[in-house]
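> Build me a model from this:
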Amino acid sequence: MMSCACAAAQRAPEALHPPRFEDYPSERKVGPKAALQLRRGTPPWEFRTVIRYGYQSTPVNFAGHYVVLDWGCGSPCQQWALIDADTGVPYLLPVETMGEASFRPDSRLFETDPASCSGLQCNEHSALYVIEKGDYTAYYVWDGHSLVEIYDTWDELEKLHGPVPVMETSAPPAAPAQK
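As a prediction, this is how the structure comes out:
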């Protein structure tokens with residue numbers, strides 16, 4: 001059975017300080033990985049080549065028995081997936097990053113710098129500029145089925161830079177109806 005962790009992600013209440021990997025321990029798996037379970041028509045199928053190659057060539061690197069993979073989705077942008085090495089089931093993660101993510105094989109914590117306005121041209125006063133400089137980080141915990149956001153540095157970011165304008169986009173005008 002395939003899953004997309006995208007729809008299940010929810011925001012948790014803010015913690016008082018950035019979480020640490022040690023706060024979310026996970027026992028590491030020892031042994032062979034299960035066969036990859038890619039199925040046509042599921043979200044991971046669209047990325048089957050990178051998922052298949054990455055799963056074969058990457059050891060367990062997250063939350064005890066998962067393989068985390070990333071691939072480019074534009075410049076600068078990375079998309080993420082993880083595969084349960086016990087079952088071979090891939091999950092697409094609900095985050096895109098501008099630079100990187102941090103994670104460990106012995107922890108369920110996943111730390112990112114999410115792309116809040118990816119695809120937009122932003123100036124030095126925009127959220128994208130601040131995120132690209134590495135001032136914004138979000139922290140998630142894997143609950144076995146999805147990533148749950150538990151903390152972000154947005155408040156600290158606004159203390160450093162003042163209110164950060166987020167660019168709004170408007171859809172292009174609709175084409176006239178054809179008669």
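> what about the helices in this structure?
With helices called from DSSP state H, the chain shows them at 48-57, 127-132, 154-161.
> where among these is the average confidence lowest?
Among the helices of the chain, helix 127-132 has the lowest mean pLDDT, at a mean of 52.
> Quick check: beta-bridge partners of the residue nearest to residue 17 when sequence neighbours are not counted?
Spatially, and ignoring its direct neighbours in sequence, residue 17 is nearest to residue 151 (7.9 Å; C-beta to C-beta, 6 or more residues apart in numbering). Bear in mind the C-beta positions are built from the backbone N, C-alpha and C, glycine included. Beta-bridge partners for residue 151, by DSSP bridges, are residue 139.
> Quick check: the gap between residue 151 and residue 19.
6 Å (C-beta to C-beta, to the nearest Å).
> and the residue nearest to residue 17, how many residues sit next to it?
The local packing of residue 151 (other C-beta atoms under 10 Å) involves 21 other residues.
> For this protein, which helix or strand comes out least confident on mean pLDDT?
strand 3-4 (a mean of 38; mean pLDDT, DSSP states H and E).
> picking up where we left off before, who touches both of residue 151 and residue 19?
Residues touching both residue 151 and residue 19 comprise residue 139, with contact defined as C-beta atoms under 8 Å, 6 or more residues apart in numbering.
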